[in-house]
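>>> pasting a predicted model and its sequence here:
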Amino acid sequence: MARDTVDAVPIESRDQLVAWFEAGSKPKERWRIGTEHEKFGFHTDDLSPVPYEGPRGVRKLLEGMEGLLGWEPIMDRDAIIGLVDPVGGGAISLEPGGQFELSGAPLETLHHTCRETFSHLAQVREIGDPLGIGFLGVGASPVWTRAETPVMPKSRYAIMRAYMPKVGGKGLDMMFRTSTVQVNLDYGSEADMAKKLRVSLALQPIATALFAASPFLEGRPNGFLSYRSEIWRDTDPHRTGMLPIAFDEGFGFEAYAEWALDVPMYLIKRGDTYHDATRVTFRQYMAGALRHELPGVEPEMGDWVNHLGSIFPEVRLKRYLEQRGADSGPWRRLLALPAFWVGLLYDEGVLDEAWAMVRDWTAEERQALRDTVPRLALKTPFRGTTVHALAREAVALARKGLVRRNRLGPCAPAEISETEAVYLAPLEEIVATGETLAEKMLRQYETEWGGDIRRVFAEYAY
């Protein structure tokens, strides 16, 4: 989850909130790729989760990473909860259950993303190995109960932890037992944002199917292929979902801001103190709803930015578009996710083809895909065919877009120069075989693993 923003500029009108999005528009030559990926830490000797404190805990891991990288620590009172690169813009942060996240820097090509990913995984192994800490790339915690999962000392998470059971049945599972890979991509204008957001929302269930990698929970199959995605269906209906307003005529920055204004808040941060704001929407906050209980606290632009980071549609608008539908997974898939979306969205001709593919899908059809994909993935029916066919078409379009970009470069372990389309290989394998990683895991569980889900740690650790 995003780091908290401090911006004390007073909010004096709704127009400021809309203008904040407009300021994210960039010319094409400045479009970048920002990749985020989470992973579960575990003790390699007994496969237990990694607590925050202790000689083999998360604090030691972060302190070791601070010494290795020279990045600045992010503190929550006396607890180190992350690191930030003061030069390149990347950051390391903690999710509520100790999931270790790299929020990558905004990079020019996927070849740079590849090098960043390799470097990060090598660095966490360098620090983690002496501590007996390994890292697992899957979409949902496969064996630990929620009670066994550690709680990180981040003040904002205490507010969320109390609020989640009030609005959904699986919000705490979302916080403590899921991991994802996401990519943040730029837009050139309001119209460009709207087209990219619509295409991204319509195709997000297809990405969810391609990246399905969470078939286990608490030591047994959970009945889903992307249980992480199913968890999000029962987290908080006020701030999640397929954002149908994006397909309304005239949709733009103002319409998104209007929607966000009516989403309940999580918190307001002043200094080192987090104030619970869950009883009001941002619109009510702007109208003075908290003045009595928080005298002297007036709406600031930092509050707006933090609020936007606390709403979770399948594609999230900030000063970029955040693709949120994929399970975490092995390292090649950490590159395949940004490759998929860069190929679809960063070439204007391919973006038009992708829009032609989805433009006549109804809101009901998009929602049916969203609701069914977590269980059936590529086998989800759609208009007489299946998501498998849609995925094949989308991956082919992504390849076309990446080849047209013609950004050449090597990425270890290979040293030959190739286009960014090379990073689509895991997805092309999936559409060729029709088998998702989740289905492969289930097949391994039933055969070579002999019903022992703990084998997933050996098979899929970084």
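Arrived safely.
>>> from here on, contacts and neighbour counts on C-alpha atoms
Fine.
>>> can you pull out the strands in the stretch 101-250 of the chain?
If you assign secondary structure with DSSP state E, counting those that start in this stretch, the strands in the stretch 101-250 of the chain sit at 133-136, 180-185, 216-217, 220-221, 240-241.
>>> what helix or strand is residue 93 on?
Using DSSP states H and E, residue 93 sits in strand 91-94.
>>> now do the helices in the stretch 351-462 of the chain.
Listed in chain order, the helices of the stretch 351-462 of the chain (DSSP state H, counting those that start in this stretch) span residues 363-376, 387-405, 425-433, 437-446, 455-460.
>>> in a markdown table: those helices, plus mean pLDDT and mean neighbour count.
Shown next, in a markdown table, are the helices of the stretch 351-462 of the chain (pLDDT from 0 to 100; neighbours: other C-alpha atoms under 10 Å):
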| stretch | mean pLDDT | mean neighbour count |
| --- | --- | --- |
| helix 363-376 | 98 | 19 |
| helix 387-405 | 98 | 21 |
| helix 425-433 | 98 | 17 |
| helix 437-446 | 98 | 19 |
| helix 455-460 | 97 | 15 |
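>>> hmm, back to that, export the strand holding residue 93 to PDB, keeping only CA atoms.
In PDB, the C-alpha atoms belonging to strand 91-94 read as follows (Å, rounded to 0.1, in the frame of the first residue of the first chain):
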ATOM      1  CA  ALA A  91      10.700   2.100  -2.200                       C
ATOM      2  CA  ILE A  92      10.400  -0.900   0.000                       C
ATOM      3  CA  SER A  93       7.400  -1.200   2.200                       C
ATOM      4  CA  LEU A  94       5.500  -3.700   4.400                       C
END
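>>> neighbouring strands - and their directions - for it?
Strand pairing for strand 91-94, using DSSP bridges, gives strand 79-84 (antiparallel), strand 100-103 (antiparallel).
>>> quick one: which of these is nearest residue 279?
Minimum separation from residue 279 across the strands paired with strand 91-94 (C-alpha to C-alpha) falls at strand 79-84, 26.9 Å.
>>> residue 251: how many residues sit nearby?
Burial measure for residue 251: 17 neighbouring residues, criterion other C-alpha atoms under 10 Å.
>>> contacts only, for the residue nearest to it when sequence neighbours are not counted.
Sequence neighbours aside, residue 194 is the residue nearest to residue 251 in space, at 6.7 Å (criterion: C-alpha to C-alpha, 6 or more residues apart in numbering). With contact set as C-alpha atoms under 8 Å, 6 or more residues apart in numbering, residue 194 has these partners: 246, 251, 252.
>>> tally of neighbours for the first one?
Looking back up the chat, that one is residue 246. Burial measure for residue 246: 18 neighbouring residues, criterion other C-alpha under 10 Å.
>>> what's the distance between it and residue 363?
Separation of residue 246 from residue 363 (C-alpha to C-alpha, to the nearest Å) stands at 10 Å.
>>> next, format the contacts of residue 194 as CSV and append distance to residue 81 and pLDDT.
Listed next are these as CSV, based on distance: C-alpha to C-alpha, whole Å; pLDDT from 0 to 100:
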residue, distance to residue 81, pLDDT
246, 35, 98
251, 38, 98
252, 35, 98
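>>> worst-scoring helix or strand of the chain, pLDDT-wise?
strand 414-418 (a mean of 74; mean pLDDT, DSSP states H and E).
>>> name all residues that make contact with residue 376.
Contact analysis of residue 376 by C-alpha under 8 Å, 6+ apart lists 209, 224, 225.
>>> surely the first one touches residue 371?
No: taking contact to mean C-alpha atoms under 8 Å, the distance of 11.5 Å between residue 209 and residue 371 leaves them out of contact.
>>> returning to what we had before: deepest-packed of the strands of the stretch 101-250 of the chain, please.
Mean neighbour counts were compared across those using mean count of other C-alpha atoms under 10 Å; the top stretch is strand 180-185, at a mean of 26.
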